[in-house]
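Predicted coordinates and the sequence they were generated for:
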Amino acid sequence: MVDNNARESERSILRRRMVALAGTGLLGAIAGYSGDVEARPTTNGSPNTSESATGDGDDEEDSAESDCLEDGDSDIVVAQDGSGDYETVQAAIDAVQPETSDETRVYIKEGRYKEKLELPADRTDVTFIGESAENTVLTYDDHADKLDENGDEIGTSGSSSFFVWGDDFTAKNVTFENAADPVAQAVAIRIDADRVAFDNCRFIGNQDTLYNFGRRTRQYFRDCYIEGDVDFIFGRATVFFEDCKIVCKDEGFIAAPAQPEEVENGFVFKDCDVVGNAPSESVYLGRPWEPYGRTVYIDCDLGDHIRPQGWEPWDEPEHGDKTKTAFFAEYDNSGPGYTPDQRAEWSHQLSETEATEYTRENVLNGWNPRVV
């Protein structure tokens, strides 16, 4: 009888070799190869589809599996010391077979990988698994005021350390960082893709750390650490933050949502701890970047650095009165920063019935994120 563990090890090694060959252009020369791992279908429809593209949603079972993940469970291994398949993360991304329906797992060993990264739109269903969240760091140090080769400022979007274009991207145990000094907007990661999930990841920066860019895309963050000062969680996507630590480094604003008018949900923070070293009553929960921005905090613990009024309207005459179009709300928060009687009069305190509608499934429009 063949040992099952040995068989799985052989299959994993074979898969890793085939994915590595894809980066060399030799894969097409291997006649008859169709992959050794059963393909998992993905949903390539619009973000409004209700069909899950990523797993069966058994969080407990998947979490137990994630505790024993090693490089042998992955298709590609990245290690700066040369012990893996590649020494850089971008080389591993480039080696992923484009337009495949198979998940590709990239195991990244500990190290500070200073690279300006891009996951192209045709690299879908890619999963990053870091050796540890604290010591597996993907970093760069661009900021909005830097000049490009033509002498023009690269701007906020151009400052991103990592651009995610490929749908169904997942990451676990990885730090995404913009290490620029606090001189201008400096994005750690810009996400344009749909069905993107992060588990136990860290997002490090100052102004504009986390750019949830993509219009009508869905993103999920669980047990993540997100830090910054001004508008450090911002963008147009629909995003569900669950059991995350939101760290305010200085006075400023947490969320700057900019959802299109027709999108029902924006940023939802559920069971999150809002902490930090910012001075007392110096941080707003959010302000509308665009007129129909939406943000809701439910069952969150708010530190004393949160301003009593909670929300700021970001007055811009050319965009009309945002207090009549934006939707900012709370339900059953706690902590010294939760002062519902002093909140901005144009914000909302949800009823219990209204709050029950903000489930992960409802907010993400039927998508059930895969837990690595």
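Nice, thanks for sending it over.

can you pull out the helices in the stretch 251-372 of the chain?
352-355, 360-363 (DSSP state H, counting those that start in this stretch).

Which among those is found nearest to residue 175?
Among the helices of the stretch 251-372 of the chain, helix 360-363 comes nearest to residue 175, with 24.0 Å by Cβ to Cβ. From N, CA and C alone the C-beta is placed, and that goes for glycine too.

Pull out the buried residues from the closest one.
The neighbour-count criterion (16 or more other Cβ atoms under 10 Å) identifies 360, 363 as the buried residues of helix 360-363.

what about that helix, distance to the chain center?
16 Å (Cα atoms, centre = their mean, to the nearest Å).

what's in contact with that helix?
Contacting residues not belonging to helix 360-363 are listed as 220, 238, 240, 242, 265, 268, 270, 368, 369 [Cβ atoms under 8 Å, 6 or more residues apart in numbering].

of all those residues, which comes closest to residue 154?
Nearest to residue 154 out of the contacts of helix 360-363 is residue 238 (Cβ to Cβ; 27.2 Å).

just to revisit the earlier point, switch the helices of the stretch 251-372 of the chain over to TSV; also include mean pLDDT.
Shown next, in TSV, are these (pLDDT from 0 to 100):
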stretch	mean pLDDT
helix 352-355	98
helix 360-363	97
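
Which of the ones you listed sits closest to residue 318?
Taking those one by one with Cβ to Cβ, helix 360-363 is closest: 30.0 Å.

Can you check which of the helices of the stretch 251-372 of the chain gets nearest to residue 112?
helix 360-363 (32.7 Å).

Convert the C-alpha atoms of that closest one to CSV, please.
Output in CSV follows, covering the C-alpha atoms of helix 360-363 (Å, rounded to 0.1, in the frame of the first residue of the first chain):
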residue,chain,number,x,y,z
ARG,A,360,-20.5,39.0,6.3
GLU,A,361,-22.7,37.2,3.8
ASN,A,362,-25.0,40.1,3.2
VAL,A,363,-22.3,42.8,3.0
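
Redo the contacts of helix 360-363 as JSON lines? Include distance to residue 330 and neighbour count.
As requested, the contacts of helix 360-363 are arranged in JSON lines below (distance: Cβ to Cβ, whole Å; neighbours: other Cβ atoms under 10 Å):
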{"residue": "220", "distance to residue 330": "21", "neighbour count": "25"}
{"residue": "238", "distance to residue 330": "18", "neighbour count": "28"}
{"residue": "240", "distance to residue 330": "16", "neighbour count": "25"}
{"residue": "242", "distance to residue 330": "16", "neighbour count": "17"}
{"residue": "265", "distance to residue 330": "15", "neighbour count": "21"}
{"residue": "268", "distance to residue 330": "11", "neighbour count": "23"}
{"residue": "270", "distance to residue 330": "12", "neighbour count": "21"}
{"residue": "368", "distance to residue 330": "26", "neighbour count": "20"}
{"residue": "369", "distance to residue 330": "24", "neighbour count": "27"}
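
of those residues, closest to residue 285?
The nearest one, if we look at these relative to residue 285 and count by Cβ to Cβ, is residue 268, at 12.5 Å.

and the spatially closest residue to residue 329 that is not a sequence neighbour, how many neighbours?
Leaving aside its sequence neighbours, residue 329 sits nearest to residue 348 (Cβ to Cβ, 6 or more residues apart in numbering; 3.9 Å). As a burial measure, residue 348 scores 15 neighbours (other Cβ atoms under 10 Å).

pLDDT value on residue 348, please?
pLDDT, residue 348: 98.

Could you do residue 46 as well?
Reported pLDDT for residue 46: 37.

One more: the one 5 residues further on?
The per-residue pLDDT reported for residue 51 equals 35.

Repeat that for the one 10 residues further on.
Among the per-residue scores, residue 61 holds a pLDDT of 40.

go on, the one 5 residues further on?
Listed pLDDT for residue 66 reads 42.
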